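J.: with the sequence up front, the predicted model follows.
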Number of protein chains: 2
Amino acid sequence: MFIQLKFDSEVPIYEQIKQQIKIGMAKGTLQPGERLPSVRQLAKDIGINLHTVNKAYQQLRDENFLLIHRQRGVVIHPDGAPKTDEIHKETLKAELAPIIADAFCREMSENDFLSVCYEIFKEMKGGSSDG
Amino acid sequence: MFIQLKFDSEVPIYEQIKQQIKIGMAKGTLQPGERLPSVRQLAKDIGINLHTVNKAYQQLRDENFLLIHRQRGVVIHPDGAPKTDEIHKETLKAELAPIIADAFCREMSENDFLSVCYEIFKEMKGGSSDG
DNA sequence: ATTGTGTTATAATAGGTATATAACACACGT
DNA sequence: ACGTGTGTTATATACCTATTATAACACAAT
């Protein structure tokens, strides 16, 4: 299974599921139109409750990352994720600001920070599935 | 006061306080050794409970961003924040991965993403206090 | 003594997270 | 038609977090 949970993490389980699905989509492990396990199946596989999986699926559907068909079940949105726009860019800035402020306080150089971003991008462009 | 809260945000109040203090430190609005308002004063100023402020101060002290003196009160750590190291770098990667995955799924280009980071860095290096 | 520090303790409320059970409407395979 | 597997909805419960409210303590300064 493509989901690896950390039960001792502060990040909620449903959030970890959402993140890992997005990472899978970014790396190409999960392709547009590809079917995901049913809520019951995934819950059983990773040993959690059906509703926790459902919450993750629901929220990803609300964000238009997933499509849920009565027949076809849960699939990666055939059109891919919604494209970046001004709203997304503002959300992104608000998310990054505290993280960058923290790094800046610790005297991490801008180049070092950008290198970390570059490494993460490389993993996604490369399509490697470990990490 | 330098703290602007969003009470309708999903981010907890004490977390918003922590973030804004770090942003203030990054921008130079808050200098090493500078004194912060007392827990009671800040709580009164922004209209929240003393314990919520205390929680933010405590956690920033645990992270070595603040020093708390019996006499001098709460001050920005005179040595500045702890310097970046491997642990911080790994934490940073774990924080950035889901954010970058999301942006990547939305077909934001690497250059556009790095530009957003650059803008944020610029605000901190420039020492502008609005944002 | 009074005031103002940070700190600790206790309690109460509200909300989020995760679980357990159960049921529903729908579609598929036989 | 029947049983199975979809997503979905509804309750109920337990736990933890976030926030507030009061109160008290040890210490330092005026």
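T.: Thanks, I have it.
J.: which stretches of chain A have low pLDDT?
T.: A:1, A:127-131 (pLDDT under 70).
J.: can you name the residue of it nearest to DNA strand D?
T.: residue A:38 (3.2 Å; Cβ to the nearest atom of the strand). Yep, even glycine has a C-beta here, placed from its N, CA and C like the rest.
J.: and chain A, which of its residues are near DNA strand D?
T.: A:38-41, A:50-51, A:54, A:57-58, A:61, A:68, A:70, A:73-74 (Cβ under 7 Å from any atom of the strand).
J.: how is chain A partitioned into domains?
T.: For chain A, automatic domain parsing gives the domain ranges A:13-76, A:86-124.
J.: mind putting those in TSV, distance to residue B:84 and mean neighbour count included?
T.: Listed next are these as TSV, based on distance: least, Cβ to Cβ, whole Å; neighbours: other Cβ atoms under 10 Å in any protein chain shown:
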stretch	distance to residue B:84	mean neighbour count
domain A:13-76	24	17
domain A:86-124	4	18
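J.: of those, which approaches residue B:15 most closely?
T.: Checking the domains of chain A against residue B:15 by Cβ to Cβ gives domain A:86-124 as the closest, at 8.7 Å.
J.: quick check: the two most widely separated of the residues of chain A next to DNA strand D?
T.: For the residues of chain A next to DNA strand D, the farthest-apart pair by Cβ to Cβ is A:51 and A:70; their separation is 19.5 Å.
J.: list the beta-bridge partners for the residue nearest to the residue of chain A closest to DNA strand D when sequence neighbours are not counted.
T.: Leaving out its chain neighbours, the residue that sits closest to residue A:38 by Cβ to Cβ, 6 or more residues apart in numbering or on different chains is residue A:73, at 6.1 Å. With DSSP bridges as the criterion, residue A:73 is bridged to residue A:69.
J.: list the contacts of residue A:73.
T.: Residue A:73 sits next to A:35-36, A:38 when contact means Cβ atoms under 8 Å, 6 or more residues apart in numbering or on different chains.
J.: adding distance to residue B:123 and secondary structure, write the residues you listed out as TSV.
T.: Output for the contacts of residue A:73, formatted as TSV (distance: Cβ to Cβ, whole Å; DSSP: H, G, I helix; E, B strand; the rest coil):
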residue	distance to residue B:123	secondary structure
A:35	44	strand
A:36	40	coil
A:38	46	coil
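J.: I'd assumed residue A:44 was in a helix, is it?
T.: Yes - the assignment for residue A:44 by DSSP: H, G, I helix; E, B strand; the rest coil puts it in a helix.
J.: distance check, it against residue A:70.
T.: Residue A:44 sits 22 Å away from residue A:70, taking Cβ to Cβ, to the nearest Å as the criterion.
J.: also residue A:97?
T.: 41 Å.
J.: leaving out sequence neighbours, find the closest residue to the residue of chain A positioned farthest from its centre.
T.: No residue in chain A sits farther from the centre than residue A:107, which is 28.8 Å out by Cα atoms, centre = their mean. With sequence-adjacent residues excluded and distances taken as Cβ to Cβ, 6+ apart, residue A:107 is closest to residue B:83, at 5.5 Å.
J.: quick one, phi psi at that neighbour?
T.: Dihedral pair for residue B:83: phi -80, psi 150, per degrees, to the nearest 10.
J.: what about it, how many residues nearby?
T.: As a burial measure, residue B:83 scores 11 neighbours (other Cβ atoms under 10 Å in any protein chain shown).
J.: ok, it touching residue A:106?
T.: Yes - contact criterion Cβ atoms under 8 Å: residue B:83 and residue A:106 qualify, at 5.5 Å.
J.: close to DNA strand C: what parts of chain A are there?
T.: Counting by Cβ under 7 Å from any atom of the strand, chain A sits next to DNA strand C at A:12-15, A:48-52, A:55, A:70-71.
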